[in-house]
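**Student:** Turn this into a structure:
(one chain, ligands or ions: 2)
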Amino acid sequence: MLVCSRKCGGTLFRAVFAEVDVDSAGEYQDHRVTQPGYICLNCGAPALDLAQVPGELEAEEQAEEAAASVTADILCPVCETMVQLDANMECPNCGSPLEVPRLP
Ligand SMILES: [Zn+2]
Ligand SMILES: [Zn+2]
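**Tutor:** Ligands and ions are numbered 1, 2, ... in the order given. Got it, this is the predicted structure:
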């Protein structure tokens, strides 16, 4: 659903990035929107696609979760090897239990 970003109440919008197919007489046949991007025909302000917004937020959240689960590189105090801490919280090299360095 499209809404005017100025909330002017306009209900007609124009797709900015669209391709229009025409026949040999130049008559409109079909169209496709190549990129999301709309303007309000009432006041000319950019329009927002409400259906797009939650999807983008979700994608951002998933990216943040992926970044948070990245394992930390720490120095094992027992074998003094730089190891990637895995979910088991132990050194993959010597098997010693490791502590996650706490961020302030
Ligand atoms: Zn408007
Ligand atoms: Zn170790």
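**Student:** Test my guess that residue 29 contacts residue 22.
**Tutor:** Yes. With contact defined as C-beta atoms under 8 Å, residue 29 counts as touching residue 22 (5.9 Å). To be clear about C-beta, it is placed using only N, CA and C from the backbone, and glycine gets the same treatment.
**Student:** counting contacts, what elements does the lengthiest strand in the chain pack onto?
**Tutor:** With secondary structure taken from DSSP state E, the chain has its longest strand at strand 28-40. If you count contacts as 3 or more C-beta pairs under 8 Å, 6 or more residues apart in numbering; DSSP states H and E, strand 28-40 packs onto strand 13-22, strand 46-49.
**Student:** Model confidence for residue 19, exactly?
**Tutor:** Predicted confidence (pLDDT) for residue 19: 94.
**Student:** Please tell me how far the residue with the largest distance to the centre of the chain sits from residue 31.
**Tutor:** Relative to the centre of the chain, the most outlying C-alpha is that of residue 25, 41.9 Å out, by C-alpha atoms, centre = their mean. Going from residue 25 to residue 31 by C-beta to C-beta, to the nearest Å gives 16 Å.
**Student:** ditto for residue 11
**Tutor:** According to C-beta to C-beta, residue 11 and residue 31 sit 19 Å apart.
**Student:** Residue 45 too?
**Tutor:** 22 Å.
**Student:** Then residue 92?
**Tutor:** On the measure of C-beta to C-beta, residue 92 and residue 31 end up 56 Å apart.
**Student:** and if you look at residue 99?
**Tutor:** 60 Å.
**Student:** more crowded one of those two?
**Tutor:** residue 31 (12 against 9; other C-beta atoms under 10 Å).
**Student:** Quick check, the more buried one in contact with residue 19.
**Tutor:** Yes. The criterion here is C-beta under 8 Å, and residue 31 meets it with residue 19 at 6.5 Å.
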